[in-house]
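Student: Dropping a prediction and its sequence here:
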Amino acid sequence: MRYNYSTNTVRYRRTALRRGGWLTALMLASITVHAADQRLAAASSYLAGGKYDRAQSEISSFLGEHPDSPRGLFLKGRLQEQRGDQKGALQTYSELTGKFPQLPEPYNNMAAIYVSQGNLVEAERTLKRALQTHPSYAAAQSNLSALYMLMASNAYREALEPDQRGGESVEKVTLTRLDDLLSSSVIEEDESAAPAVTSAGAVVTADQGGGVARAEDVIRAVQQWAQAWSQKDVKGYLASYAESFQPPDGGRRAAWEQERSERLQRPRSINVSVNVPQVHLLGNAHASVVFMQAYKSDRVSDTVRKHLLMERSGDQWRILFEDVIQ
């Protein structure tokens, strides 16, 4: 019997294709994803190099095929920012947070825009949204700390008499912006791990504020700090400081605690009083306090004007930043 090579070869190929169809499809999908990644990588490179027209071409072409791509939309927002179109960037980031509320990067960059516009309240709200999605998100944490420092500085300036302000200059700060998504894998995580989202796109989380902030609670915390200092209660004194407190000199927290412990224990007696405190509430979780601090020990006595930035955790107010006003 004659063997038909061509016919059997065709049949073999068809069978192989049927059996290996899933592999072929997988390979094609992989090639497509790789090509998409290359296009977005090129767009990101053009953005970094200031080649905005070429970046625009790549991003527009890509979004035409993948309108819901989180990275594509994010790069579009960054391009709009770079070109000075803050309104357009805010709209793009807002669209992105609506579709992918679990991504912190768009919130971070929106907050940076709000700060540049002088809208500190909205910047604070937006950064908190970023931290609701990722509590350990470093960029948002750093930016929120910088924002609170700015708000506290402005509050202190307003508390001064007009002749003490040294002009009406306003403190400015530039928040860190992100040039690309760093947490794209979040989109592929189990939805049960993401925050609940209402129809309006608001993130629903447990109440961590402990109610409305009250100035008297802030003053009470400052008085307790001064009392622990006066009683040479090292443990109580150090407990008055927030976990994220940074020593004024920028040194290590452990070294600062050691130095403060020695200074509290050295004198035979200490008396610290807080006089004429002025409290400025910065939302429900932070407050700025300016007061006259009178210190007296068996060795030395002095009076200084002190500024504390307080942070609330639950129902406890603790010191986030401490400074002597010259």
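Tutor: Thanks, I have the structure now.
Student: Torsion angles phi and psi at Gln231?
Tutor: phi -90, psi 0 (degrees, to the nearest 10).
Student: Please report the distance of it from Trp317.
Tutor: Counting by C-beta to C-beta, to the nearest Å, the gap from Gln231 to Trp317 is 19 Å. No exception for glycine: its C-beta is placed from N, CA and C like everyone else's.
Student: Settle it for me: which of these two has more neighbours?
Tutor: Regarding Gln231 and Trp317, a neighbour count based on other C-beta atoms under 10 Å identifies Trp317 as having more, with 27 against 14.
Student: and the helix or strand where Ala55 lies, which residues are buried?
Tutor: Taking DSSP states H and E as the definition, Ala55 sits inside helix 52-65. Neighbour-count burial for helix 52-65, counted by 16 or more other C-beta atoms under 10 Å, picks out 55-56, 58-59, 62.
Student: what's the following helix or strand after that helix?
Tutor: Downstream of helix 52-65, the next assigned helix or strand under DSSP H and E is helix 70-82.
Student: Helix or strand next in line after that following helix, which one?
Tutor: As assigned by DSSP H and E, the chain's next helix or strand after helix 70-82 is helix 86-99.
Student: Give me the angle between the helix holding Ala55 and helix 70-82.
Tutor: The directions of helix 52-65 and helix 70-82 differ by 150 degrees, with axes from the mean of the first three to the mean of the last three C-alpha atoms, to 10 degrees as the criterion.
Student: Please enumerate residues in contact with helix 52-65?
Tutor: Helix 52-65 has contacts (C-beta atoms under 8 Å, 6 or more residues apart in numbering) with 36, 39-40, 42-44, 46-47, 69, 72-73, 75-76, 79, 82-83.
Student: which among the buried residues of helix 52-65 gets closest to Thr126?
Tutor: Ile59 (23.3 Å; C-beta to C-beta).
Student: Just the buried subset of the contacts of helix 52-65, please.
Tutor: The neighbour-count criterion (16+ other C-beta under 10 Å) marks 36, 39-40, 42-44, 46-47, 69, 72-73, 75-76, 79, 82 among the contacts of helix 52-65 as buried.
Student: Poorly predicted segments of the protein, please.
Tutor: Counting by pLDDT under 70, the low-confidence segments of the chain come to 1-37, 135-138, 155-176, 178, 180, 182-212, 326.
Student: Quick one: the strands in it, in order.
Tutor: Taking DSSP state E as the criterion, the chain carries its strands at 196-197, 203-204, 270-282, 286-297, 301-313, 316-325.
Student: Deepest in the core, which of those is it.
Tutor: By mean neighbour count, with neighbours taken as mean count of other C-beta atoms under 10 Å, strand 286-297 ranks first of the strands of the chain at a mean of 20.
Student: Could you list every helix and strand in contact with that one?
Tutor: Contact analysis of strand 286-297 by 3 or more C-beta pairs under 8 Å, 6 or more residues apart in numbering; DSSP states H and E lists helix 138-159, helix 215-230, strand 270-282, strand 301-313, strand 316-325 as its packing neighbours.
Student: Quick one: these as CSV, columns for distance to Ala242 too.
Tutor: Conversion of these to CSV gives the following (distance: least, C-beta to C-beta, whole Å):
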stretch, distance to Ala242
helix 138-159, 11
helix 215-230, 11
strand 270-282, 14
strand 301-313, 5
strand 316-325, 4
